[in-house]
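1. One predicted model, sequence on top.
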Amino acid sequence: MSKRWEVRLIGTGGQGIVTASIILAVSALREGNNVVQSQNYGPEVRGGYSTAYVIASESSILYPKIDRPNVLLVMTSTDYEKYLHEIDEDGMLILNGEPGPERMPDNVYFIPITNIAHDELERPITANIVCVGAVVGLTGMVSEAAALAAVEEHVPAKAVKINRRAFILGVRAAREALAQREASATS
Amino acid sequence: MSKRWEVRLIGTGGQGIVTASIILAVSALREGNNVVQSQNYGPEVRGGYSTAYVIASESSILYPKIDRPNVLLVMTSTDYEKYLHEIDEDGMLILNGEPGPERMPDNVYFIPITNIAHDELERPITANIVCVGAVVGLTGMVSEAAALAAVEEHVPAKAVKINRRAFILGVRAAREALAQREASATS
Amino acid sequence: MAEAKLLSGNDACVQGALAAGVRFFAGYPITPSTEIANAFARELPRRGGIFMQMEDEIASMGAIIGASCTGTKAVTATSGPGFSLMQENIGYAAIAEIPCVIINVMRYGPSTGLPTSPSQGDFMQSRWGSHGDRPVIVIAPYTAREAYRETGRAVNLSETYRVPVIVLMDEILGHLRERVEFRDEDLVQEISRKGPEPGRPFLPYENTEDGVPPFADFGTGYRYHITGLIHDETGFPTNNPVEVDTTMRRVNGKLELHRQDIERTQFVDADDAEILIVAFGSVARSAHEAVRTLRNEGKAVGMVRPITVWPFPEDDIRTAAAGKKAIIVPEMNLGQMIGEVERAVAGTVPVHALNRIDGLLITPHEIRDLVEDLL
Amino acid sequence: MAEAKLLSGNDACVQGALAAGVRFFAGYPITPSTEIANAFARELPRRGGIFMQMEDEIASMGAIIGASCTGTKAVTATSGPGFSLMQENIGYAAIAEIPCVIINVMRYGPSTGLPTSPSQGDFMQSRWGSHGDRPVIVIAPYTAREAYRETGRAVNLSETYRVPVIVLMDEILGHLRERVEFRDEDLVQEISRKGPEPGRPFLPYENTEDGVPPFADFGTGYRYHITGLIHDETGFPTNNPVEVDTTMRRVNGKLELHRQDIERTQFVDADDAEILIVAFGSVARSAHEAVRTLRNEGKAVGMVRPITVWPFPEDDIRTAAAGKKAIIVPEMNLGQMIGEVERAVAGTVPVHALNRIDGLLITPHEIRDLVEDLL
Amino acid sequence: MGKKRFNVTVDRTICKACGICVAFCPMSVFTTDHDDKAVVSVPERCTGCRQCELLCPDFCITVVQVEETADG
Amino acid sequence: MGKKRFNVTVDRTICKACGICVAFCPMSVFTTDHDDKAVVSVPERCTGCRQCELLCPDFCITVVQVEETADG
Amino acid sequence: MGKIHEKYLRMDKMPHIWCAGCGNGIIMGAFINAIDRLGYDKDEVAAVSGIGCSGRITGYMDFNTIHTTHGRALAFATGIKLAKPRLKVFVFMGDGDAVAIGGNHLIHACRRNLDMTAVIFNNHIYGMTGGQFSPTTFKNKNATTAPYGTTDPDFDIAQLCIGAGATYVARGTSYHARLLTDLIVKGAEHPGFSIIEVITHCPVNFGRRNNFESPAQMLLWQKEHGVAARKAKTMPLEDMEGKFTIGELYRSTEIPEYLEEYGRVIQAANEEKKQ
Amino acid sequence: MGKIHEKYLRMDKMPHIWCAGCGNGIIMGAFINAIDRLGYDKDEVAAVSGIGCSGRITGYMDFNTIHTTHGRALAFATGIKLAKPRLKVFVFMGDGDAVAIGGNHLIHACRRNLDMTAVIFNNHIYGMTGGQFSPTTFKNKNATTAPYGTTDPDFDIAQLCIGAGATYVARGTSYHARLLTDLIVKGAEHPGFSIIEVITHCPVNFGRRNNFESPAQMLLWQKEHGVAARKAKTMPLEDMEGKFTIGELYRSTEIPEYLEEYGRVIQAANEEKKQ
Ligand SMILES: Cc1ncc(C[n+]2csc(CCOP(=O)(O)OP(=O)(O)O)c2C)c(N)n1
Ligand SMILES: Cc1ncc(C[n+]2csc(CCOP(=O)(O)OP(=O)(O)O)c2C)c(N)n1
Ligand code: SF4
Ligand code: SF4
Ligand code: SF4
Ligand code: SF4
């Protein structure tokens, strides 16, 4: 890991955003990186927005905050323009949903996270693991194997199977999105 | 009042020592002096020793404590040797009781305060006013008139008469003691 | 007001508060402040005011803040242990900007300590006792006459600047009865907090130029919100960094804008002194006495006495200290104000501590001895 | 101990405390310290220890003191409002010399403030929050690894010196999970208070040479008395000035005797720096980051980080400051530690404040900018 | 006079999708949409008991009696 | 065997002259001296009820049963 | 709510911060209905709250409102009422707020009998701090500080208040919202201190951990376990097992209202002054 | 006392600081008689007190003793008992200590039912601070903070404790010293938290201000106004007017002792660990 990864996830309370970020953190850690993870508790907002983040880097991480993430995943909105200015210049923005018809900037990706969890997995609660897959698939910040191991560690024993699938579907959706982008770029 | 008077009274709780000191203070104040008065509360000792003091002076009183009083009245003991070293060089020590047969230092006076209150006044509670009379009579630190007025102000309306007598008996006992001392000095 | 009377420090505080219009007291007894509660219990009902004995000091502090929300001037009195318990709600009063006065008659601590012995051990606590940054004014009188006048002033400063004001007494002053003869300058005025300006929209935490927003008494038609959460100008909670910063800098900065009005410092023979004593409260009486004696002997010594001890009068100290040979800071604690003095003079003058921590007042003698050593 | 794990600051505190032998926790939930209570609730029963949720913070503090009287190592955890409420009993622990550890995960104050935002607003309160003069050790870690090690050390210092020890965390550290890989130097030893010496008469508050009397656990055959009144060597109340002075000077002076053992300061590129940053806690992470970047650019900047923040390492600061061009003190408050730094350097080096009070962490950027301005 | 009629509305912008109205409407007037927010599906069944109004924690629901029409 | 006999003593050095024993001894064993301190005046009346012992707040009073003498 | 909430709530502060399905909103609705029924002018109502989710209620209601410190709402309220008796003072507290840290102020308020009305939101958990057990959590429940299930015995708030000398004690639920409005109205009309305990629900921090699938299920639990006090009296004891009574539980007029008595003090003081 | 006091008191600390005739000494006597009867080893007894005249009791008794902060004795005691359950923990508090500033800790101790015994010295006044009224002062009494007579309603401590869930509640007086010893013995033997309220007297700060001429008169008042609980049940209500019951007032064994229950937590935790 030569790059310093700064990944932020935005969701609503109960969506498992914090767990997703912990899984990313543990994956990076297992691969020998330094890592910090935290979350913003809303201003005492119960059940309101929740944001979590991970920083992973080979060198030690002192300043523990993210000013502009290089990966931002938003579960709660598809309004990419609103979030574009929050990321780093060469950062990546991941949104939960289907892309609209208009042409998007190159660094914006849509992954239908909720739909995958809801329709394909029939377990909405696994959306956060789909997230993990999506981030790993799109960024390659950690190996899929490390991430999968971390997923298995952080979900209830009874739910390992379904979450493994969730992760894989997330990765797959990411690959598709990347392929599509490549296609449209070369087209 | 050219002198700085530092008067300390020692008694037990309930003997009215604090009131006595306040009366002395008010008398001095009425005669135009500066005055401070306070008391030591025992170390949370309930019903234990209580000591009160007055400082009166023409000039302003800044340091509000007495290191060595020039008048010390002790209600609770007749052991004058114990208290002699607590007073100022030219201070006066007043003890509650009858003098013993031995020869005493010139600055020690015995006034049978309890006896006067008990036997002559038949109101033990007036002992503190006898005290006031004794101090005023022995020291002349304030005029008897001023002291008497202050006494009348500080006792319950119903008890003015008896306390006036108590004061007068205190003064009288003081005069007798002075006369006696003079007599023995000249003899 | 002319007649001389014998007045204790504690009673003088009560008289001063009443003269400034205080009509509410809530407290919980504690030595050596209890006489203050006793006197309010006697005096307030005579004026139609409320004396309330609460279940503890936390509740007392809550009750006076509540009373103050209605526009009623309110006071509590306590000593060390109770003062510690009040800190959370003092912070509340500071950030919600509710005027109120706390009289702390210091006794020897920590914990139960020596309940009937004096101390100046709460000097730093009075400034820093609450969590978070909070403004506070702390005033330390040194005579009964001053206890009267300065408690009155405490009430007025609290009303004027919407800030809790602490009157820092000690056991000696509280229990000392002394001759008091009020003069014209002792007259306590009744000053009340400024209200909403008619015809102007009311913003309960308005970022006014003088740093002090108008106050609307509960029940007078302004239905606004008071909270101990950080709030914006409307009084409602915010965590927007800009608004948070604005509110906190205004609330904590407003006293700085009015230092001149708030500060009060006494200088005694300070100008031409070689040795300067910096002292407050009852210890300053000993210091003053020492100065008097030494000056009579022709020795060049003087005193600076912060009456408003917080905000600490660092400029006064710095100015007075310039060119002196040494500074002495006598305190009935293990060295608290001395830190502020050291900071103010920043190494330009050597600063000497004189601490007494045995429950007894520092004597003029001890101070004189040290002055003579240093001269 | 070698495997790397992801550990939050709050959890690290718990692990460190357990490693040092803590078997009792009493607390009352409060953001952002609650995870500490949660973790103790899970871990203590597994070790046969007691987790107790009390009715408030005052009771929590009382309960850990009580538990400690039996020889059980005891901890509580809280944040600003609760910390304010604990001050009276912290004073008690200090004067009665009962070992105990208080973890204060600082949040933005005063009052309810911004409960989920970080702050360093309790720096001064941790030293001065109780009435009277009381000793205290305050330790401020800056990583999870250090939170583990320093909480363990806090327990041990508390046991060794019979003094309350405060672990001063903040919201950022408490909630930050980070990679922790313990090395040998992180190993937390189990040190227990010294007991009565067999064959020697037991004096519970003996005026020992090292300032620390032996401690007899309740129920082990020494029937002595503990009180928050000032006491003599036997532990019974006294108001004899000589005894009072002796006890108070010993209790408040004992830490001075062991400064070397208690103090811990980190120096980062401080020797040849022209500009020195003095910072603690999470702000020191930003400062450290700034130093790293600036040094890469060849700029002569360094950092001194007090880990033990109280007693304040004034000698370390003074020595490190000598000859520097300027000192910067960044703090998430309106300027608290800076006062100590100013006092330590006594005007020999200009000291610059960098305060942030909007609920956000000071960034390395801001520090770098100021350094560059000053270079 | 015929049966009283009521107009039931849900303010979708503030509905938090808690499901209370759906569960407690005795006439099953409500169903949920894809976001689990309440939808007034069968308003004509409403008897005006106002249970939904009272139990909605977010003040989203308004039940208004409809003026009887002339031919009511 | 005859009537039991008791030895009643008051420790004058610690007696605070509160008057409780005087008031509550059912046999009026106690009187007071010039300092109002308790004096055991009529010890032979003591029946050993120990009321004085229980009620003296200062632990001054001891009631001890006297060994019966041979001719008792 | 018809349009009542638009009259009494600060609409610009809505939506409130409470989680989906939280009982706090229902109680706020029942409360403003009570105020409407009582016909109080908004300017003469003072609403005082402590810290907790429930404590946020004062931010949403258009009265003279104050959000105090944790556990101390009653102390502040006491000052307000004494200093300006014409204000109608209502105090809102969570169970932690009222009977954990604030227990002392509660029992003293009960004892004093100053004319105020307190509403306790008893959701059996510390909501705001994320689900620690409270002094009213039943046995064998899950909470973050009770990972092995709770063992502490719980308070019966109504009994506690009665023992402390309260003169009006009622219990409602958020489910029985109409009854709750009635109880608040009666409490407010009672001359003296009145306590209304409201059994309510925290779906997020209590429900999720304790096998309640939805807020509705928790309301259902209230419906099924709350028994009208009158009815309970005639029920066999074993049928009440695990249930709780609702309605007016205690009322007495023997103890005079505090300020009435204080009037006597003022009178005595002034007579003495005249002498 | 025979020689019992020489066994249990720290004779070198005598005479104690209490005023002449103060009830505190009598209660201390009754207490050490109880300990003697219980046969506890002095080393296994921990005596915990708060601040007040009554709080000074721990200084005089030869046990493991601790004099804590005002109102907090029960909190300290809770820590001691939990950390070392084999200690027999006794807690001594004044009425101000126990039900003014310390009220919250008292009700929570009642709720928790940890096996300790609390003795409350109810002299209806703040003695140590010189005679302010307390939450147990009756109406129309004189106190330094009630120069026009008290108006605050007073707590019935026993009712308060019962309301809070206490499992053993008794009331004695300093006059009925033998009964008091009995009640303390029974309280100590009760498995759980036990409260013994002792009606006692402060001749100096209550008596003198309220027309009691002597300590003896105050004891007499106790004798005349304390009615055995059993007898009271059969008495016409009007005869009880102004009187109070003494004896065991409440006892229940329904609620398990706290540490017993906590044992279950430890067990559960260890089972989980093993898994
Ligand atoms: C002195 C203090 N201690 C602790 C807290 C943290 N705290 C905030 S709310 C709360 C309890 C919340 O529970 P409850 O009172 O039942 O209200 P709810 O949130 O459930 O409505 C706690 C412990 C605080 N704010 N202040
Ligand atoms: C926090 C705190 N507040 C107040 C006090 C002062 N104080 C000491 S004892 C006491 C009350 C004494 O009354 P009580 O508890 O009934 O005991 P008694 O002296 O009558 O035995 C008070 C208010 C204190 N020590 N600490
Ligand atoms: S009750 Fe209200 S918030 Fe809940 S689903 Fe229905 S309309 Fe939405
Ligand atoms: S009861 Fe005790 S203290 Fe009182 S008079 Fe009798 S012997 Fe003395
Ligand atoms: S945490 Fe619980 S009590 Fe708080 S708002 Fe959410 S559901 Fe309501
Ligand atoms: S003041 Fe009262 S309670 Fe205290 S020792 Fe004296 S008589 Fe006893």
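-> Yes, it's here. Ligands and ions are numbered 1, 2, ... in the order given.
2. The closest residue to residue A:185 other than its chain neighbours: neighbour count?
-> Sequence neighbours aside, residue A:106 is the residue nearest to residue A:185 in space, at 7.3 Å (criterion: CB to CB, 6 or more residues apart in numbering or on different chains). Yep, even glycine has a C-beta here, placed from its N, CA and C like the rest. Neighbourhood size, residue A:106 [other CB atoms under 10 Å in any protein chain shown]: 10.
3. Likewise for residue G:273?
-> Residue G:273 has 11 neighbouring residues, counting by other CB under 10 Å.
4. So it is in contact with residue C:46, correct?
-> Yes. The criterion here is CB atoms under 8 Å, and residue G:273 meets it with residue C:46 at 5.1 Å.
5. A strand includes residue G:119, no?
-> Yes. The assignment for residue G:119 by DSSP: H, G, I helix; E, B strand; the rest coil puts it in a strand.
6. Next one: it from ligand 3, what distance?
-> 21 Å (CB to the nearest ligand atom, to the nearest Å).
7. Contact partners for that residue?
-> When contacts are counted by CB atoms under 8 Å, 6 or more residues apart in numbering or on different chains, residue G:119 touches G:27, G:31, G:90-93, G:184, G:196, G:198.
8. On the three-state scheme, the residue nearest to residue A:185 is what?
-> At residue A:106 the chain is in coil, as set by three-state DSSP.
9. likewise the one 4 residues further on?
-> Remark: residue A:110 carries the secondary structure label strand [criterion: three-state DSSP].
10. So the host helix or strand of residue G:92, near ligand 1 or not?
-> Using DSSP states H and E, residue G:92 falls within strand G:88-94. Yes. Against ligand 1, strand G:88-94 shows contacts by CB under 6 Å from any ligand atom at residue G:94.
11. Which stretches in the chain count as strands?
-> Chain wasn't specified; assuming chain A. For chain A, applying DSSP state E gives strands covering A:5-12, A:34-40, A:49-57, A:71-74, A:92-96, A:108-111.
12. ah, no, chain E please
-> Here chain E has its strands, by DSSP E, at E:5-10, E:30-32, E:38-40, E:61-66.
13. where are the low-confidence patches of chain A?
-> Low-confidence segments of chain A, defined by pLDDT under 70, span residues A:1, A:41-48, A:186-187.
14. pull the longest helix from it.
-> In chain A, taking DSSP state H as the definition, the longest helix is helix A:160-186.
15. Tell me the buried residues in that helix?
-> Using 16 or more other CB atoms under 10 Å in any protein chain shown as the burial criterion, the residues of helix A:160-186 that qualify are A:162-171, A:173-174, A:177, A:181.
16. give me the residue from chain A nearest chain H.
-> Using CB to the nearest CB, the single residue of chain A nearest to chain H is residue A:157, 11.2 Å away.
17. what do you get for the stretch 151-300 of chain C?
-> Chain H sits closest to residue C:175 of the stretch 151-300 of chain C, with a gap of 12.3 Å, by CB to the nearest CB.
18. repeat for chain E
-> Counting by CB to the nearest CB, chain E gets nearest chain H through residue E:57, at 30.2 Å.
19. give me phi/psi at that residue?
-> The phi and psi torsions at residue E:57 (degrees, to the nearest 10) take the values phi -70, psi -10.
20. right, and it touches residue E:19 too?
-> No. Using CB under 8 Å as the test, residue E:57 is too far from residue E:19 to be in contact (11.1 Å).
21. quick one: which of these two has more around it?
-> Comparing residue E:57 with residue E:19 by other CB under 10 Å, the one with more neighbours is residue E:57, at 27 against 21.
22. ok, the more buried one - contacts?
-> If you count contacts by CB under 8 Å, 6+ apart, then residue E:57 has E:16, E:18, E:20, G:18, G:20-26, G:29, G:215 around it.
23. out of the residues you listed, who's near ligand 5?
-> Counting by CB under 6 Å from any ligand atom, the members of those near ligand 5 are G:18, G:22, G:24.
24. Keep only those of these that are in helices.
-> residue G:24.
25. any chance of the ones next to ligand 5 among the contacts of residue E:57 in a markdown table, plus distance to ligand 3, pLDDT and neighbour count?
-> What follows is the ones next to ligand 5 among the contacts of residue E:57, written out as a markdown table (distance: CB to the nearest ligand atom, whole Å; pLDDT from 0 to 100; neighbours: other CB atoms under 10 Å in any protein chain shown):
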| residue | distance to ligand 3 | pLDDT | neighbour count |
| --- | --- | --- | --- |
| G:18 | 10 | 95 | 29 |
| G:22 | 10 | 97 | 32 |
| G:24 | 12 | 98 | 30 |
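26. Dump the ones next to ligand 5 among the contacts of residue E:57 to TSV, plus distance to residue C:273.
-> Below are these laid out as TSV (distance: CB to CB, whole Å):
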residue	distance to residue C:273
G:18	65
G:22	68
G:24	65
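27. Considering the ones next to ligand 5 among the contacts of residue E:57, which is situated nearest to chain C?
-> Top of the list for closeness to chain C, among those and by CB to the nearest CB, is residue G:18 at 14.2 Å.
28. Distance check, that closest one against chain F.
-> The gap separating residue G:18 from chain F is 58 Å, by CB to the nearest CB, to the nearest Å.
29. Helices of chain E, residue ranges please.
-> Under DSSP H, chain E gives helices at E:20-24, E:51-55.
30. Next, format these as TSV and append mean pLDDT.
-> Converted to TSV, the helices of chain E look like this (pLDDT from 0 to 100):
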stretch	mean pLDDT
helix E:20-24	97
helix E:51-55	97
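31. Quick check: which of those helices is nearest to chain C?
-> Shortest separation from chain C across the helices of chain E is recorded for helix E:51-55, at 24.6 Å, computed as CB to the nearest CB.
32. Could you give the number of residues near the closest residue to residue G:97 other than its chain neighbours?
-> Spatially, and ignoring its direct neighbours in sequence, residue G:97 is nearest to residue G:50 (3.8 Å; CB to CB, 6+ apart). For residue G:50, the tally of surrounding residues (other CB under 10 Å) stands at 29.
33. ok, now which ones touch residue G:50?
-> Each residue near residue G:50 by CB under 8 Å, 6+ apart is listed here: G:67-73, G:92-94, G:97-98, G:102.
34. could you redo the last one with a cut-off of 6 Å?
-> By CB atoms under 6 Å, 6 or more residues apart in numbering or on different chains, the contact set of residue G:50 is G:68, G:70-71, G:73, G:93, G:97.
35. so can I have TSV of the strands of chain A showing distance to residue G:253 and mean neighbour count?
-> Output for the strands of chain A, formatted as TSV (distance: least, CB to CB, whole Å; neighbours: other CB atoms under 10 Å in any protein chain shown):
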stretch	distance to residue G:253	mean neighbour count
strand A:5-12	50	23
strand A:34-40	53	23
strand A:49-57	51	23
strand A:71-74	60	25
strand A:92-96	61	23
strand A:108-111	67	22
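36. Tell me which of those approaches chain B most closely.
-> strand A:34-40 (51.6 Å).
37. That closest one vs strand A:49-57, what angle?
-> Counting by axes from the mean of the first three to the mean of the last three CA atoms, to 10 degrees, strand A:34-40 lies at 170 degrees to strand A:49-57.
38. Does strand A:34-40 reach chain D?
-> Yes. For strand A:34-40 and chain D, the contact criterion (CB under 6 Å from any CB of the partner chain) is met by A:34-38.
39. Same list, those, but as JSON lines with distance to ligand 2 please.
-> JSON lines is the format used below for the residues of strand A:34-40 next to chain D (distance: CB to the nearest ligand atom, whole Å):
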{"residue": "A:34", "distance to ligand 2": "48"}
{"residue": "A:35", "distance to ligand 2": "47"}
{"residue": "A:36", "distance to ligand 2": "43"}
{"residue": "A:37", "distance to ligand 2": "43"}
{"residue": "A:38", "distance to ligand 2": "39"}
